[in-house]
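Visitor: My questions concern the predicted model and sequence given below.
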Amino acid sequence: MSGDPTPAKIQRILAVDFGDARTGLAATDWTGTIIVPLPRIDSRDEAEVVRAIVECVRERQTQVVVIGMPMSLDGGTNARVQRTTAFRTRLQAALPCPVEAVDESHSTDEAHERLKQGGLKAKARKDLADSIAALVILERFRHDRRHRPQ
């Protein structure tokens, strides 16, 4: 994948909800039309998480990766923001495609609410929430891209 794809041509997107122990993933289908949650990565080892994402990007021929960036209410940085920023830098160094950032504020809460509305019990919601949060992040990225001045 050479060069940055133009926004109109980006169809294959992978979203990442990076966490301490679990990292949720979601992606567009091959046409870029449908967003699907993918199996989460259960690991505290950042190198292992990067390897798993790189493999997913390769398999899915991803054109852009979107990572949820925690935003502090005051606009400053905190340990979570710093850790996610460092992970994004590490991930970008390992990938042939751009790694964009999107505000992930309340994405996990939204994921739990969607799953609850879908009738899932607390245990099932916990198992799926990380990848549904990634799905929310991907939706936000697509929405922001559609409404960005050209």
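Guide: Nice, I can see it. Note that the coordinates shown come from a computational prediction; the quantities given were computed from them, not determined experimentally.
Visitor: Val136 contacts Asp109, doesn't it?
Guide: No - Val136 is beyond contact range of Asp109, at 9.5 Å (criterion: C-beta atoms under 8 Å). C-beta coordinates here come from the backbone N, C-alpha and C atoms, glycine included.
Visitor: For this structure, which segments are assigned as helices?
Guide: Secondary structure of the chain by DSSP state H: the helices cover 46-60, 79-94, 107-117, 122-146.
Visitor: circling back to that earlier point, looking at Val136 and Asp109, which one has more neighbours?
Guide: Between Val136 and Asp109, counted using other C-beta atoms under 10 Å, the more crowded position is Val136 (24 against 12).
Visitor: now the more buried one, nearest residue through space, not along the chain?
Guide: Nearest non-adjacent residue to Val136, counting by C-beta to C-beta, 6 or more residues apart in numbering: Ser107, 4.3 Å away.
Visitor: show me what contacts that neighbour?
Guide: Asp17, Gly68, Ala133, Val136, Ile137, Arg140 (C-beta atoms under 8 Å, 6 or more residues apart in numbering).
Visitor: Let me know the pLDDT of the third one.
Guide: What the model reports as pLDDT for Ala133 is 92.
Visitor: for the last one, same thing?
Guide: With respect to pLDDT, Arg140 has a value of 92.
Visitor: Run a quick neighbour tally on it.
Guide: 19.
Visitor: ditto for the second one
Guide: Using other C-beta under 10 Å as the criterion, Gly68 is surrounded by 27 other residues.
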